[in-house]
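Chemist: Here you go, sequence then predicted model.
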Amino acid sequence: MTDTGSRDTTVSPAAPVVADTTAAQPRWRLSLWLTAEPVSLIGDQIFFLAIAWTAVQAAGPEGVGLVLAAGALPRALLMLLGGAIVDKLGPRRVALTSDILRALLMAAAAAVAAAAPRSIGLLVALAVTFGIIDALFYPATGSLAPRVVPQQQLVRVQNIRALGTRIAVLIGAPLGGLLLAVGGASLSFIINAATFLLSAAALAVLRVRRDTSAPLASENMLRQVIDGLRYAVADPVARNLLLLVALLEFAVNGVVNTAFPALAADRGWGAQGLGWLLAVFGAGAAAAALVLIIVSRAPRPGLIVAGAAFTGSAVMALFADARSLYLTLSLSFAVGIVGGVVAGIVVPVIQTTTPENLLGRLMSLFGLATVGVAPLSIAAAALVTEQAGLRTAFLFAAALTLIGAIACTTSSYVRRIQLRPSN
């Protein structure tokens with residue numbers, strides 16, 4: 001689809017966010033926030049490993065699936081509502097409350113784990129409660145940066161956060177395994193509670209600019225959710241960028257979680273080969289974030305994102321014919337770079353081109369386009385791989401990414417997006 005019109009997507013008059021009025025942020029407060037967030041994410045890795053391990057001991061593989069699904073379902077279903085609550089109450093208040101609630105939940109879980117360590121019903125209840133709180137935290141933390149730093153620093157800050165996420169994933173899983181071995185699930189939950197308290201402390205001292213946009217009307221939350229959806233569909237920048245992110249995440253999640261294991265088995269590379277595929281994919285995403293932290297100036301971000309998506313589509317189509325492990329590792333690294341570039345640019349663009357009183361709802365849609373599509377993409381990739389083979393699975397992923405790239409390229413609004421350069 002091709003967009004026409006004269007909407008100005010330069011971050012000055014078009015974006016009602018007035019981040020230039022952000023109060024001066026002492027470096028130590030900003031550093032504490034940017035450090036506490038990945039520490040909290042390490043806690044998340046510890047929690048998910050602990051709850052999965054406890055579930056498999058209690059009820060086998062079926063128990064793991066039940067518990068993980070119980071956490072993922074409310075997070076996906078309630079995230080749009082969470083975005084509306086963020087727009088109504090403010091992102092720091094919601095994020096701070098979420099951290100405190102999760103800390104209390106982890107403290108209670110530690111006590112319960114000590115008393116009834118293998119109750120599948122309690123594990124499901126814990127996962128559901130955690131998922132509900134996560135539905136509030138995701139849009140809150142995604143909406144916070146524009147009220148903390150000036151617009152010209154958003155690309156850098158977003159990619160510092162992305163790099164922190166990658167580091168947290170690398171550290172969290174082995175640390176979680178060590179904690180389980182040393183003290184069981186109770187110790188894991190206690191450490192996770194401590195990470196949430198650190199995150200809450202960082203949010204408490206963070207200086208956040210007041211919301212200068214029009215307050216939400218006193219309508220019900222369902223109407224506010226619908227208004228957010230209408231804005232996302234009507235606005236060409238939000239519509240096309242969210243479509244690209246959803247299609248790319250759908251493709252990449254399926255490739256990484258389903259096609260990569262099948263490819264490693266088919267080529268005889270074994271578990272070690274699969275481990276390398278996943279490692280270099282993460283390294284590619286981290287490398288993209290590091291480059292955007294250093295450069296942070298994207299003169300034509302819409303074209304950069306579209307070009308990255310075209311590249312990703314071509315790379316995913318090449319996987320089916322790659323026989324050498326080294327060539328396949330290079331392709332995996334390239335896909336990681338593509339994902340890192342798209343996320344590292346799309347988030348700051350949405351943050352600067354969305355009216356502030358809608359940002360929570362737009363970031364909840366971004367959360368759905370990333371976290372929310374994961375279960376569906378894994379199931380779809382598994383089905384395609386089983387029924388049509390690996391080549392078709394990779395070509396399917398390439399086609400989805402290509403659709404998103406074309407949508408952005410043919411949108412004049414996306415092509416004209418400009419971001420203020422970093423000082």
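Modeler: That came through, no problem. Quick caveat: nothing in here was measured; it's all calculated off a predicted structure. Numbers count the residues shown, from 1 in each chain.
Chemist: give me every residue that touches Ala55.
Modeler: When contacts are counted by Cβ atoms under 8 Å, 6 or more residues apart in numbering, Ala55 touches 63-64, 66-68, 120, 123. In short, each C-beta sits where N, CA and C put it, glycine included.
Chemist: try 6 Å this time
Modeler: 63-64, 67, 123 (Cβ atoms under 6 Å, 6 or more residues apart in numbering).
Chemist: Nearest to Gly340 among these?
Modeler: When those are compared for distance to Gly340 (Cβ to Cβ), Val64 comes out closest, at 29.2 Å.
Chemist: how near is the closest one to Met106?
Modeler: As judged by Cβ to Cβ, to the nearest Å, Val64 and Met106 stand 20 Å apart.
Chemist: neighbour count winner among the two?
Modeler: Neighbour count, other Cβ atoms under 10 Å: between Val64 and Met106, Met106 has more, with 25 against 19.
Chemist: Quick check: chain neighbours aside, which residue is closest to Ile293?
Modeler: Computed as Cβ to Cβ, 6 or more residues apart in numbering, the closest residue to Ile293 that is not its neighbour in sequence is Asn159, at 4.7 Å.
Chemist: Would you confirm that the one you found contacts Val291?
Modeler: No. Counting by Cβ atoms under 6 Å, Asn159 does not reach Val291; the two are 8.3 Å apart.
Chemist: what pLDDT does the residue nearest to Ile293 get?
Modeler: Reported pLDDT at Asn159 in the predicted model: 93.
Chemist: same thing with Gly344?
Modeler: 93.
Chemist: I'd assumed it was in a helix, is it?
Modeler: Yes. According to DSSP: H, G, I helix; E, B strand; the rest coil, Gly344 belongs to a helix.
Chemist: I'd like to know how many residues surround it.
Modeler: 29.
Chemist: Just list the residues touching it, thanks.
Modeler: 159, 162, 289, 292.
Chemist: Point out the ones among the residues you listed that are inside helices.
Modeler: 159, 162, 289, 292 (DSSP state H).
Chemist: need the residues you listed in JSON lines with neighbour count and distance to Tyr231, can you?
Modeler: As requested, the ones in helices among the contacts of Gly344 are exported to JSON lines (neighbours: other Cβ atoms under 10 Å; distance: Cβ to Cβ, whole Å):
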{"residue": "Asn159", "neighbour count": "27", "distance to Tyr231": "26"}
{"residue": "Ala162", "neighbour count": "23", "distance to Tyr231": "25"}
{"residue": "Ala289", "neighbour count": "24", "distance to Tyr231": "28"}
{"residue": "Leu292", "neighbour count": "25", "distance to Tyr231": "27"}
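Chemist: shaky segments in the stretch 301-423 of the chain?
Modeler: For the stretch 301-423 of the chain, residues meeting the criterion pLDDT under 70 lie at 420-423.
Chemist: mind running it again at 80?
Modeler: 419-423 (pLDDT under 80).
Chemist: which of the contacts of Ala55 tops the neighbour count?
Modeler: Leu123 (29 neighbours).
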